[in-house]
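# Prediction below, plus the sequence it came from.
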Amino acid sequence: MHELDRIDVRSETAILVGVILPRHHFLAEPLAELEGLAQTAGVKVRGRLLQKRSAPNNSTYLGSGKVEELTDLVHREEANVVLFDNELTPAQRRNLEKCTGVKVLDRTELILDIFSARAQTYEARLAVELAQLEYALPRLKRMWSHLSRLNMGVGMRGPGEKQLEVDRRLVVKRIHDLRSELRVIEKRKERQVAGRSDHMTVSLVGYTNAGKSTLLNVLTEAGVKAEDQLFATLDTRTRRWQLPHWGPVLLSDTVGFIRNLPHRLIASFKATLEEARQADLLLHVADASHPNVHQQISAVVDVLEEIGIEAKSTVLALNKMDAPGAQNFVEGVLNRYPHAVPISACTGAGLLQLSVAVSDALSRSFHDIDVETSVDDGKLMAYLAAHGEILSRRFTEDRVTIHCRLPQEYLGRIRKPGVVIKERPVNGTPVADKSTSDIETAREDVA
């Protein structure tokens, strides 16, 4: 198969374009995120263009007047690429390129380009390739530049048409092979994650560049790469975190989310996100210094629901409290999410309070029980000590009653002949689950 023209916007200058539609949330700086994506891809931004519309123009997305304005801006600034914050159809993109005379890329292509450059592991490279091919499939006529070199005259139409169909079939086959290979990886990942039953697991989730990797380094001395860039981490990393007054848990870092994350990437990275799917607790890290922090929190919850992670206990951490301007936003965030924990991964402020909040959230899944068994059942007593918290032991002849706190998921594993399990009643009214109440608020924001 002739090689696809790789989307590459590095060392180029760009004009940023955004169309604000009625369904879009209001953003303080509508093109700030697109500019961050452009900088991550190595593009120099020379100008910006915004338009509010009730609906996109079918042929150019922008109105005709704005297309002329965009063309003038491209020529005046000598830009060689136009980056759209919206997803364009092949026809819209082709028409815009004819008008402006330069390459036009939409938000999805830009994100795919960044992911392609950042993918390090075999799994991540497969996921990115799948997303790129699925995006390219309906655009074959434009992207297969070698077809333009075929002589398409009388008696020569057949080979050109056949070549396009051959390329299309090869791409479809490659997509099928990639999906099959990723399904195998996904199943293996499920078994790998499920096999970590000896420890409770906490998964870091959050908007890209919220500071998840920095927090992982501070809490676990992981030494992973942490940069002030969008999508610095694509691959999952898991490290051991020693929680004060609790014990060891496994802390995993995952790929960051973003507003309007392409559906193709969400589907392709299912295996990478398996850590979050099977975690006992989600640690949602938000950038407290960002002016759009409310929208970013809601966007993360939206993506979590899209990949099937809805009813999961969550602790919200407001990171970057040391950053300039954070105090201007944090009060409003805490009013909206009163149980969030303000922290700074750089200075260490608030990390003890975060550890306590995580310990409390994990404790809510525990049951206060009395386990009566034989005194020579050392295997059961060791299991309870490894997976729970033993509070007391009471011996009577050849039996022992162990008062302990054990996670719900392990109760079924200790039920066997000769073992009596009694759950202790909870005094007073049940304690509200603070770890999920803030996330319910975020779900309301999404709705």
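Yep, that arrived.
# what about residue 393, neighbour count?
Neighbour count for residue 393, taken as other Cβ atoms under 10 Å: 13. Placement of C-beta: from N, CA and C, glycine included.
# what about the stretch 101-250 of the chain, any weak spots by pLDDT?
140-164, 193-198, 222, 224-235 (pLDDT under 70).
# what do you get if the cut-off is 90, keeping everything else the same?
Low-confidence segments of the stretch 101-250 of the chain (pLDDT under 90): 107-172, 175, 179, 182-201, 203, 205-214, 221-240, 242-250.
# hey, where'd the strands end up in the stretch 301-447 of the chain?
Taking DSSP state E, counting those that start in this stretch as the criterion, the stretch 301-447 of the chain carries its strands at 314-319, 341-342, 366-374, 389-396, 399-407, 420-423.
# Can you tell me what sits against the shortest one?
Going back to what we said before, that points to strand 341-342. Applying Cβ atoms under 8 Å, 6 or more residues apart in numbering, the external contacts of strand 341-342 come out as 288, 315-318, 321, 330, 334, 349-350, 353-354, 357.
# Report the buried residues of stretch 78-89.
By 16 or more other Cβ atoms under 10 Å, the buried positions in stretch 78-89 come out as 79, 80, 81, 82, 83, 84, 85, 86, 87, 88.
# mind exporting that stretch as PDB, just the C-alpha atoms?
Output of stretch 78-89 as PDB, limited to C-alpha atoms (Å, rounded to 0.1, in the frame of the first residue of the first chain):
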ATOM      1  CA  GLU A  78       2.300  34.500   5.700                       C
ATOM      2  CA  ALA A  79       0.900  31.500   7.500                       C
ATOM      3  CA  ASN A  80       1.100  28.100   5.900                       C
ATOM      4  CA  VAL A  81      -1.500  26.200   7.900                       C
ATOM      5  CA  VAL A  82      -5.000  27.000   9.300                       C
ATOM      6  CA  LEU A  83      -6.000  25.100  12.500                       C
ATOM      7  CA  PHE A  84      -9.700  24.800  13.300                       C
ATOM      8  CA  ASP A  85     -11.000  24.200  16.800                       C
ATOM      9  CA  ASN A  86     -14.000  22.400  15.200                       C
ATOM     10  CA  GLU A  87     -14.200  19.100  13.400                       C
ATOM     11  CA  LEU A  88     -14.500  19.600   9.600                       C
ATOM     12  CA  THR A  89     -16.000  17.400   6.900                       C
END
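# Please parse this protein into its domains.
Structural domains annotated on the chain: 13-115, 119-192, 199-362+435-446, 366-423, as defined by automatic domain parsing.
# Give me whichever of the ones you listed is most buried.
A comparison of these by mean neighbour count, using mean count of other Cβ atoms under 10 Å, puts domain 199-362+435-446 on top with a mean of 20.
# ok, longest helix in this structure?
Using DSSP state H to define each element, the chain has its longest helix at helix 157-194.
# Who are the packing partners of that one?
For helix 157-194, the packing partners by 3 or more Cβ pairs under 8 Å, 6 or more residues apart in numbering; DSSP states H and E come out as helix 122-136, helix 140-143, helix 274-278.
# would JSON lines of these with distance to residue 386 be doable?
Putting the helices and strands packed on helix 157-194 into JSON lines (distance: least, Cβ to Cβ, whole Å) gives the following:
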{"stretch": "helix 122-136", "distance to residue 386": "31"}
{"stretch": "helix 140-143", "distance to residue 386": "55"}
{"stretch": "helix 274-278", "distance to residue 386": "19"}
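# and residue 58, which of those is closest to it?
For residue 58, the closest of the helices and strands packed on helix 157-194 is helix 140-143, at 17.9 Å, according to Cβ to Cβ.
# that older thread, which among the strands of the stretch 301-447 of the chain is found nearest to residue 303?
For residue 303, the closest of the strands of the stretch 301-447 of the chain is strand 314-319, at 13.3 Å, according to Cβ to Cβ.
# Show me what that closest one is packed up against.
Against strand 314-319 (3+ Cβ pairs under 8 Å, 6+ apart) you get strand 281-287, helix 326-336, strand 341-342, helix 351-363, helix 434-446.
# coming back round to it: which stretch among the helices and strands packed on helix 157-194 comes nearest residue 252?
Checking these against residue 252 by Cβ to Cβ gives helix 274-278 as the closest, at 4.1 Å.
# Give me the distance from that closest one to the chain's centre.
11 Å (Cα atoms, centre = their mean, to the nearest Å).
# And it, what does it pack against?
Using 3+ Cβ pairs under 8 Å, 6+ apart, the elements in contact with helix 274-278 are helix 157-194, strand 201-206.
# on that earlier part again, what's the closest of the helices and strands packed on strand 314-319 to residue 13?
strand 281-287 (27.9 Å).
# Backbone torsions only: list them for the residue of the chain most remote from its centre.
The C-alpha centroid of the chain is most remote from residue 397, which lies 55.2 Å away (Cα atoms, centre = their mean). Torsion angles at residue 397 (phi, psi; degrees, to the nearest 10) stand at phi 50, psi -120.
# And it, how far from residue 106?
From residue 397 over to residue 106 the distance is 76 Å, taken as Cβ to Cβ, to the nearest Å.
# same thing with residue 112?
If you go by Cβ to Cβ, the gap between residue 112 and residue 106 works out to 10 Å.
# about what we covered before: can you list the helices and strands packed on strand 314-319 in CSV and add mean pLDDT and distance to residue 136?
Shown next, in CSV, are the helices and strands packed on strand 314-319 (pLDDT from 0 to 100; distance: least, Cβ to Cβ, whole Å):
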stretch, mean pLDDT, distance to residue 136
strand 281-287, 92, 33
helix 326-336, 84, 39
strand 341-342, 94, 43
helix 351-363, 89, 42
helix 434-446, 54, 30
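# got a markdown table for these, with distance to residue 393 too?
Converted to a markdown table, these look like this (distance: least, Cβ to Cβ, whole Å):
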| stretch | distance to residue 393 |
| --- | --- |
| strand 281-287 | 29 |
| helix 326-336 | 43 |
| strand 341-342 | 35 |
| helix 351-363 | 21 |
| helix 434-446 | 31 |
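# Out of the ones you listed, the one nearest residue 74 is which?
Closest of these to residue 74 is strand 281-287, at 32.4 Å (criterion: Cβ to Cβ).
# From the contact counts, what lies against the closest one?
strand 201-206, helix 293-306, strand 314-319, helix 351-363.
# Quick one: residues contacting the residue nearest to residue 393 when sequence neighbours are not counted.
Once flanking residues are discounted, residue 393 sits nearest to residue 402: 5.4 Å by Cβ to Cβ, 6 or more residues apart in numbering. Neighbour list for residue 402: 370, 371, 372, 373, 381, 384, 390, 392, 393 [criterion: Cβ under 8 Å, 6+ apart].
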